[in-house]
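Trainee: sequence-free structure coming up:
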Ligand SMILES: [Zn+2]
């Protein structure tokens, strides 16, 4: 995934960042918690088409950005963002397309297709039901991905742990107990792979140093020389978490 510089729109109100993703099949728009508009495009997409796409979604963009500015995200989640049409799992370099198919059923059934297609079937007008379905799918995916990832890094750096648990806490990205049980935040899947790796290395190093002493950081740096940069990036990581997973 490459990060393009911020390109100013022709209109006065919209600044947006363009990100090219090799996995994207369609153009999708995303607005960060800070109100920054991000346009995710497939590889080789002609960026001259972007202003027209933005123009089509302008009223939605305005509405969401206004709402973000007011910082009233708790008040009315349906106004903050409509149902996501794509989900960017940056850690896995996957962009999932989400579609909603209303049926007479009262609940939601989630169908996971290969090629990163997610279909929600059922009472799809009920945002709370959809949100729970997305969350459930997401946490399941995180469990499938993060546990073996930690095992691989553990082998790589030669540091052992007892067991791993995947949870979805508000703040912590990871923790390690005195008995070397590691807990990882499912939302790590929204972060870049290098940042995730840093978190895994960090927690594994706590199996040797149960503190943040200079010796601890020395050990971290031995396994991840760029840890300071990655640590700084992790601090802003919660901006990558979409509203439905907050
Ligand atoms: Zn720590």
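Mentor: Looks like it came in fine. Fair warning: this is a prediction, and the values are worked out from it, not measured in the lab.

Trainee: Could you pick out the longest strand of this protein?
Mentor: Ranked by residue count and defined by DSSP state E, the top strand of the chain is strand 94-102.

Trainee: Can you tell me the strand partners of that strand and which way each runs?
Mentor: Sheet pairing here is set by DSSP bridges, and for strand 94-102 it gives strand 86-89 (antiparallel), strand 117-122 (parallel).

Trainee: how far away is the residue lying closest to residue 156 once chain neighbours are set aside from residue 89?
Mentor: Take residue 156 and drop its neighbours on the chain: the residue closest to it by Cβ to Cβ, 6 or more residues apart in numbering is residue 223, 7.9 Å away. From N, CA and C alone the C-beta is placed, and that goes for glycine too. Taking Cβ to Cβ, to the nearest Å as the measure, residue 223 falls 24 Å from residue 89.

Trainee: what do you get for residue 220?
Mentor: Going from residue 220 to residue 89 by Cβ to Cβ gives 25 Å.

Trainee: do residue 183 as well
Mentor: Counting by Cβ to Cβ - residue 183 and residue 89 are separated by 20 Å.

Trainee: ok, now residue 189?
Mentor: For residue 189, the distance to residue 89 - Cβ to Cβ - is 5 Å.

Trainee: tell me, what's touching these two both at once?
Mentor: Taking Cβ atoms under 8 Å, 6 or more residues apart in numbering as the criterion, residue 189 and residue 89 both touch residue 141.

Trainee: Neighbour count: the two, which is higher?
Mentor: residue 189 (27 against 18; other Cβ atoms under 10 Å).

Trainee: Contact partners for that one?
Mentor: Contact analysis of residue 189 by Cβ under 8 Å, 6+ apart lists 89-92, 138, 141-142, 145-146, 196.

Trainee: Kindly report the domain assignment for this protein.
Mentor: Following the assignment in automatic domain parsing, the chain carries domains at 1-76, 142-239.

Trainee: Need the winner for burial among these.
Mentor: Across the domains of the chain, averaging neighbours per residue (mean count of other Cβ atoms under 10 Å) puts domain 142-239 on top, at a mean of 17.
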